[in-house]
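Engineer: no FASTA, just this:
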């Protein structure tokens, strides 16, 4: 079959991008698979291109591209420059990434989606899922993935989900608890299935757990909660002077975290390392993984750490850690935001080498529950079942949308280009 993933920006760094790439590569072993990135800001994706998968950027927003457009006076260049500066009419304003989209990306996304008449289209965030539900032909299997969880969304977005998601053939969540929440929210009007992320065979070394390094990883920003981790580390560090904390990840907040570490007096043992494309090697050189996130969907990095043989400690944030970690077997889950409990759990494993090794061995076995090949075969079954159950699905809402956004936007653009 032909399977198309639609993602906001496949050229950046993030868990949704990573799991989309790995799932697409596994499905590409047996199917024609394409990843359509609505936005493109870089020459190359940060993660390796998935083997056998066609990756396309629908809207090129690289700086050099925009500068070239601005330097031309032809109608097409003027129109594209104008549209790139206008707010999106297609992506829901209740999706918090709404400001990243624009009218030009709307037009290009519509040009991609509207001609489709077969295969599978998979949206990867609420704003895109709503667009897929509205405009993609009902002859296509339309899937909406949730890479976070329903409870994190605002009331406006939840209302739109309840109204529009029944047009989809399948909604997937990362945990069974979130699947139940969606079933209640959608009142059984469309199929909802729990589909956790799969872990690819990463290869490389397993952690010996001898290096006295605690590791954390993720994009630097409020969600990952590294500002909560540093105060917990400040409680641990004095009693463990030969240990260090390494936080891997890039982002605009890295300077603020460095200043926080200095203010806490832990700058000598807590290090902001920046981005790495060799995270598995860094995990293998560590002895413990810690997660301090405020919210998650189904944290792939936690599974990657476990597959490298690391015991894990995490806040009980919604959702994911409690679904993955087996308490007292391969790690500890502590009350969300309780820095003292996080520090105590880290210290317990840092102080006991035998416990670390027992938890690390169990972590490898635990991560194997999410074998990528098994997950991909389940996806294939769901696609086939959704195709078979398509009769009677609601039609798209493309005509009302085009009437409001399409023709109106085109008219406004033409007037602007003509100088009216």
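Structural biologist: Structure's in. What do you need? Remember, it's a predicted structure, so these values are computed and weren't measured experimentally.
Engineer: So for the residue nearest to residue 390 when sequence neighbours are not counted, what's the pLDDT?
Structural biologist: Spatially, and ignoring its direct neighbours in sequence, residue 390 is nearest to residue 169 (6.3 Å; C-beta to C-beta, 6 or more residues apart in numbering). In short, each C-beta sits where N, CA and C put it, glycine included. Residue 169 carries a pLDDT value of 97.
Engineer: give me phi/psi at residue 169?
Structural biologist: phi -90, psi -20 (degrees, to the nearest 10).
Engineer: what's around it, how many residues?
Structural biologist: As a burial measure, residue 169 scores 24 neighbours (other C-beta atoms under 10 Å).
Engineer: how about it, what does it touch?
Structural biologist: 141-143, 190-191, 386, 389-390, 393 (C-beta atoms under 8 Å, 6 or more residues apart in numbering).
Engineer: Next, format those as TSV and append pLDDT and secondary structure.
Structural biologist: Shown next, in TSV, are the contacts of residue 169 (pLDDT from 0 to 100; DSSP: H, G, I helix; E, B strand; the rest coil):
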residue	pLDDT	secondary structure
141	97	strand
142	98	strand
143	98	strand
190	96	coil
191	97	coil
386	94	helix
389	89	coil
390	80	coil
393	51	coil
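Engineer: Separate out the buried members of those residues.
Structural biologist: Among those, those buried by neighbour count (16 or more other C-beta atoms under 10 Å) are 141-143, 190-191, 386, 393.
Engineer: what comes up buried for stretch 322-331?
Structural biologist: Buried residues in stretch 322-331, defined by neighbour count with 16+ other C-beta under 10 Å: 323-326, 330-331.
Engineer: Ignore what I typed, I meant stretch 188-200.
Structural biologist: Buried residues in stretch 188-200 (16+ other C-beta under 10 Å): 190-200.
Engineer: Show me the two of those that sit farthest apart.
Structural biologist: Across the buried residues of stretch 188-200, no pair lies farther apart than 190 and 200, at 29.4 Å, counting by C-beta to C-beta.
Engineer: list the contacts for residue 179?
Structural biologist: By C-beta under 8 Å, 6+ apart, the neighbours of residue 179 are 173, 192-194.
Engineer: mean confidence score for the strand or helix carrying it?
Structural biologist: Assigned by DSSP states H and E, residue 179 belongs to helix 176-186. Averaged across helix 176-186, the pLDDT comes to 95.
Engineer: Can you tell me how far the spatially closest residue to residue 189 that is not a sequence neighbour is from residue 134?
Structural biologist: Spatial nearest neighbour of residue 189, chain neighbours left out: residue 166 (3.8 Å); criterion: C-beta to C-beta, 6+ apart. Distance, residue 166 to residue 134, by C-beta to C-beta, to the nearest Å: 12 Å.
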